[in-house]
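1. After the sequence you'll find the predicted model.
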Amino acid sequence: MSSERLNPFSYAILVLVGRDGAGPHDLRRAAEIGRVFWVAAPSQWYAEPKRLAELGYLEARKEPGRTRERTHYTLTGKGREALAAWARTPAQLPRTQHETVVRLLAADLVGPEPVLEGLPGLKDDVEEALERLVGARAAWAGLEHRAPLLRVNDHYAERLLRLQLEWLDEAEQVLRSGEVGA
């Protein structure tokens, strides 16, 4: 059996399973919408709920799907207790791995041009994420109990994404200014 330890991703899964339950495909779809907040390999969205069910935090049952049976997970009492205990622990500054910040710093080693060539990808990703936020709002139907919470996270995500665009503009200005060279 896998480790019995719960990690931050375990709690993310428990929260996303929520009141009505969810299947791994639902969890992965939620992850795509919310990738501003959490990034994990697609396989983890399938493996972690299975592990949590083996540990008794989730209950798994088979339900009919379009082409084959699908697993649907619901929270158990043990899962709710684990969430309540975790929610009481002190919140910390989010972990961030911002590769583009590191790329910007590389400009004094490789010059500004290679960095400028790589930056448009971030802008495309941010704009796509902003579009996904609009689509995500439609998914709130049926989640009235979470709507105020979803709105708070939605506002945060939008501000965070817009800040990325501002940062990107500033970074491009500095790189084009001629102040940075290899």
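-> Okay, I see it. This is a predicted model, so every value here is computed, not measured. Residues are numbered from 1 along each chain as shown.

2. Return the set of buried residues in the lowest-mean-pLDDT helix or strand in the chain.
-> Within the chain, no helix or strand scores below helix 24-33, which has a mean of 78 by mean pLDDT, DSSP states H and E. The neighbour-count check on helix 24-33 (16 or more other Cβ atoms under 10 Å) flags 24, 26, 27, 28, 30, 31, 33 as buried. For the C-beta atoms, the positions are set from N, CA and C on the backbone; glycine is no exception.

3. The last one and residue 89: what is the separation?
-> Just to be clear, that refers to residue 33. Look at residue 33 and residue 89: by Cβ to Cβ, to the nearest Å, they are 26 Å apart.

4. Mind exporting the C-alpha coordinates of the least confident helix or strand of the chain to PDB?
-> The C-alpha coordinates for helix 24-33 follow below in PDB (Å, rounded to 0.1, in the frame of the first residue of the first chain):
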ATOM      1  CA  PRO A  24     -11.200  11.500 -11.600                       C
ATOM      2  CA  HIS A  25     -12.200  13.000 -15.000                       C
ATOM      3  CA  ASP A  26     -14.200  15.700 -13.100                       C
ATOM      4  CA  LEU A  27     -11.200  16.400 -10.900                       C
ATOM      5  CA  ARG A  28      -8.900  16.700 -13.900                       C
ATOM      6  CA  ARG A  29     -11.300  19.000 -15.700                       C
ATOM      7  CA  ALA A  30     -11.500  21.200 -12.500                       C
ATOM      8  CA  ALA A  31      -7.700  21.200 -12.500                       C
ATOM      9  CA  GLU A  32      -7.600  22.500 -16.100                       C
ATOM     10  CA  ILE A  33      -9.900  25.300 -15.200                       C
END
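
5. could you point out which element follows it?
-> On the C-terminal side of helix 24-33, the nearest following helix or strand under DSSP states H and E is helix 42-54.

6. what separates residue 105 from residue 124, distance-wise?
-> As defined by Cβ to Cβ, residue 105 lies at a distance of 22 Å from residue 124.
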